[in-house]
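J.: here is a sequence with its predicted model. Questions after.
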Amino acid sequence: MAASIEPRDDEWLVMRAKILRRQDPYAARSWLVVARTLFPRNFSIQFEMYQLEKNSRNIRELVRLLEEMLSNFPSESLLWTEIRVMTDVLQSDRTDENAVFLRDIFTSLAEEMQCRALLRVAELSSDVLQQCRLLLLIVERYPSHMPDQGERLVESLLQAEKFALLTSPVNPYRRYLACSVLPLLLRRGQQKPSSRNLCRWLRKAVEYCICFIAQKSSKANSSDSNDKKVFCAANAGFGPAFENANCVLSSFSGKDGAITDPWHQLFQLINAVADDLQWNIGRLFSGDSLDSQWHQIFQMSEALRTSRLDPGQLEILTNQVLLCTAVLFVHCLRVYLETVDSHSSSDQTALQGTHHAFVLVEFFQTTEPSNGNELKSKRLKTEESLPKIFFANKMLSFGRSEDVVHSFQIALNCWHLLNSPLLQNEFKVLSDSWSADKWPWLFRFETDVLLYQGYYREMISRLQPIQSAQCSTVSRHRQMSLQLACCYYSISNYMAVVDMVLYIIGTFSSGSIQGHEALGPPQVKGRQLILMPLIDSEVFSCCIHLLVACLKDKVWKANAVGEVLVTHGNSNGAELDTLLGHMMVLMQHDWPKYEPMMCKILEGIKRRGCFSYCLFFNYIINIDLLEEFAYLRTPEGGKVNLDLLQSSSAKSCLQSRTVTRGVNKGVKEDFKAAMDRQVARTEENISLLLRTFIVDEADFLTKSLL
C-alpha cells in the first residue's frame, strides 16, 4: 500500500485540510494528523498544521511546530518568507493585533533559535541595509554574539558604502554606523575591537555627524540629488524590496535617518571611545565649560609638541588632539554663526528672539581725537592688541551675547591650533574628507577672523571680487560692503568708503532707516569690534559713523580742533570749512552722541572768527546746532562772520568768501529769516534728510576727502 501512495497523495491530504480549515478546523486537524503519520518528513503537511494553529492563535503549538520546521527544513523558502514577516514586525513600531501576535510567536522561540532565524534571514536578503538592520537586531537582542557580529556589521556597512559610490558621508550606511552600530558596540561589546579599528570607525562616525550638521546648515547641497541617483543605480540589482525601501534617500530623514540632536550623539560617541581607549584627554564633552575643554586640548597639544613618543603612541595622541580640537572648533563655530548669520541657522538651533543676521564690523572712536597712525597698522601681532567684541544692541540677552562672543574666541583658538605645524597636515586630510571647503559659513568665519586680527588688506583681497560680482543676496552684499568699508577706512582709502556707503544706502527700502539705535560699544581702550544686526536703521547708523570718522581724520592733524583751525589759516580755509560742514550735517544723526566733538568744532570756529558752508540751510535742522550758530553771530558769541547763505551747489561752496561786516546789505535780516525757516523744519525725519545728503552730495563728499 505504501508503494501506491506517492507525493501526489500527500498533496491531496494537504488540499483536504485546507478546504476544511475554515469550515471545520477539527476535521482539518484530523486529516493533518493522519497525513503527518503517513509522511512524517513532509514540509507541506507541517506548514499546513502551522497555518491551522496560527488561525487558532495557539502560540504554544505554533512555537513547537516552528522550531521543528526550522530544525528539519532549513532550506524551505516558504518558511523563510514567514520568518521574514516576523522580522519585519520586530523592526517596526506597529501595535496592531496581528503585529503583536507575530511578535509574541517569535519572542517565544528559544533564544538560540531566534538568533539562527535572524542570521538566516539576513543571509538570504539581497538588500544590504536590510542585512544591517537584522544584524543590528541580533546585536541588540543577543549581546553574546557581539564579538562575532559587531565588527562584521561595521565592515559590512563600510564596504556597502564604498560599493554604492556615494560622494557624501551623509548616507544610510554611515548613519547606521554612527548612530546605532558603533554606540552599541562600545556599550555592550564583550571583546574590544583593536585600537586602530576603533579610531578608524570613530573618524568615519565623526565625519558623518559633522557633515550632517554642515549639510543642514547649508540647506541646499548640490551633491544630494546626484548621490540619490548614484545610490539607486549602484543598488539597482538588489531587488524590489531594496528599491521600495531605500532607493530614495529622502526617506532617510524618516525613522532610519532622523537625528534630533547630532551634537549630543557626537559627544556621547567621542566620550565612549575615549573611555574604551583610555584616552588621556578623558571625557572632554561631558558638560565642561568651553574654557575647560579648550584648556584640556591646549595641555594635550603642548604634551604632543614636547614629548618624545614612539610612532604608535604618537599616532594615538595625535588622533586625540586632532579629533577633539576639530569637533570643538565646529561646535563653537556653529554656536557663533547660528546667531550672527540667519542663513546658517538650523531648525534645532534657531535664533533665540531674533531672526536678523549680524555683521562683525570695526568700531572707530569719533568722540575723541585719536592718533591717525593707530589704525594704519597692517598686522596687530601682540595679544594686547586683539580687539574686544560687543553686540551693538540688546537684541540678545547679556548672557547669550557673552556665550556667542566666547564661542567665536574658542573657535579661533582651535582654528589656530588646527592650522599650526603640529596638526596642519592631519587637519588638511580631515577637512578634505569633510569637504569643508564647500561650507559657505566657514568662509564667513575666516573673513571675520581676518577683521578680528586686523589683516585689512588680506580681507579686501578676499571680499572685493565677491562683492563686485553681485552674485549673492542683498543681505550678503550689505554685510561684505560694510566690512569692506571698515577695511578701506583702516587703510585711509576714504573715497572707497564713500563708494561702499553709497552702495549700501542704495539697498534700503523707503522709510526703512527710521527708528535707529545709537551705535557703539562701552568706552574701553584698544580696538573694538561690534556685532551689528543687518537692519536698515542700524546699518545706516554705521554708515554715518564711518563717514564722520573719515571726515574727522581729514580734519584732525593735531590734538585739538582749535589748533587745527588756526594752523590752516586762510589758505585752506574753504576746504576745511567744507569738511567741518559735512561733519556737522552727519553728526545730527544719533544726537547728542557727537556733542563733545561738536563743541570742539564750535570752539575752533569761534577762535578763527569766520566760517563758510553753503549747504548749511539745506541740511542743518538740529535745534541745538541752530541755536549755537545763532549765538556765534552775537557779541557774546564772538561776532563770528558766517557765510551760510550761498548757492547750494558744490562749486560755489568751494569758491565762497567770508562775509564781512558792512558787505551785502540785508545779510543779517536774511540770516534771521533763514534761521526761522530752519527752526520750522526741526521735526523733519533726520535719517531721510541725511540719506538725501549722502546721495545728492556724493561727488562733493568724495572731492572733500581727496
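T.: The structure has been received and is ready for your questions. Numbers count the residues shown, from 1 in each chain.
J.: contacts and neighbour counts: CA atoms only from here.
T.: Will do.
J.: what's the local residue count around Trp415?
T.: Applying other CA atoms under 10 Å, we find 20 residues neighbouring Trp415.
J.: begin at 93 from now on, thanks
T.: Got it, the first residue is 93 from now on, which makes the last one we talked about Trp507.
J.: longest helix in the chain, by number of residues?
T.: Criterion DSSP state H: the longest helix present in the chain is helix 403-432.
J.: how far does that helix sit from the chain's center?
T.: For helix 403-432, the distance from its own C-alpha centre to the chain's C-alpha centre is 16 Å (CA atoms, centre = their mean, to the nearest Å).
J.: right, and Thr670 touches Tyr705 too?
T.: Yes - when contacts are counted by CA atoms under 8 Å, Thr670 is listed as touching Tyr705 (6.0 Å).
J.: summarise which helices and strands the longest helix of the chain is packed against.
T.: Here helix 403-432 touches helix 287-310, helix 382-398, strand 450-455, helix 490-510, helix 516-526, helix 532-545, going by 3 or more CA pairs under 8 Å, 6 or more residues apart in numbering; DSSP states H and E.
J.: how about a cut-off of 6 Å?
T.: On a contact count with 3 or more CA pairs under 6 Å, 6 or more residues apart in numbering; DSSP states H and E, helix 403-432 meets helix 490-510.
J.: the helix it packs on: how far from the chain's middle?
T.: How far helix 490-510 lies from its chain's middle: 14 Å, per CA atoms, centre = their mean.
J.: would you mark the buried spots in it?
T.: Using 16 or more other CA atoms under 10 Å as the test for burial, helix 490-510 gives 493, 495-504, 506-507, 509-510.
J.: tell me which two of the residues you listed sit farthest apart.
T.: Ser493 and Leu510 (25.8 Å; CA to CA).
J.: quick one on the thing from earlier: list just the nearest of the buried residues of helix 490-510 to Val246.
T.: Using CA to CA, Leu510 is the member of those that sits closest to Val246, with 29.0 Å.
J.: how far away is Lys795 from Leu671?
T.: Plainly put, Lys795 is 10 Å away from Leu671 if you go by CA to CA, to the nearest Å.
J.: between those two, who's got more neighbours?
T.: Leu671 (21 against 11).
J.: one step back: and the angle for the longest helix of the chain with helix 287-310?
T.: 10 degrees (axes from the mean of the first three to the mean of the last three CA atoms, to 10 degrees).
J.: phi and psi next, for the spatially closest residue to Cys702 that is not a sequence neighbour.
T.: Taking CA to CA, 6 or more residues apart in numbering, and ignoring the residues beside it in sequence, Cys702 has Asn733 as its nearest neighbour in space, at 4.5 Å. Main-chain dihedrals, Asn733, degrees, to the nearest 10: phi -80, psi 110.
J.: ok, Asn733 - how many residues close by?
T.: Neighbours of Asn733 (other CA under 10 Å): 20.
J.: quick one: pLDDT of it?
T.: Listed pLDDT for Asn733 reads 87.
J.: quick one, strands of the chain?
T.: Assigned by DSSP state E, the chain shows strands spanning 450-455, 480-483, 620-625, 702-704, 733-735.
J.: show me the contact partners of the second one.
T.: Yep, that's strand 480-483 we're talking about. Residues outside strand 480-483 that contact it (CA atoms under 6 Å, 6 or more residues apart in numbering) are Gln620, Leu621, Ile622, Leu623.
J.: please apply the same query to stretch 722-731.
T.: Contact with stretch 722-731 is made by Val732, as judged by CA under 6 Å, 6+ apart.
J.: any residues in contact with both of Lys795 and Leu671?
T.: Counting by CA under 6 Å, 6+ apart, Lys795 and Leu671 have no shared contacts at all.
J.: how far does stretch 389-407 sit from its chain's centre?
T.: With CA atoms, centre = their mean, you get 31 Å for stretch 389-407.
J.: would you mind measuring the gap between the ends of that stretch?
T.: This stretch, stretch 389-407, spans 16 Å end to end (CA to CA).
J.: so, low pLDDT: which residues of the stretch 543-692 of the chain?
T.: Low-confidence segments of the stretch 543-692 of the chain, defined by pLDDT under 70: 561-564, 602-617, 649-664.
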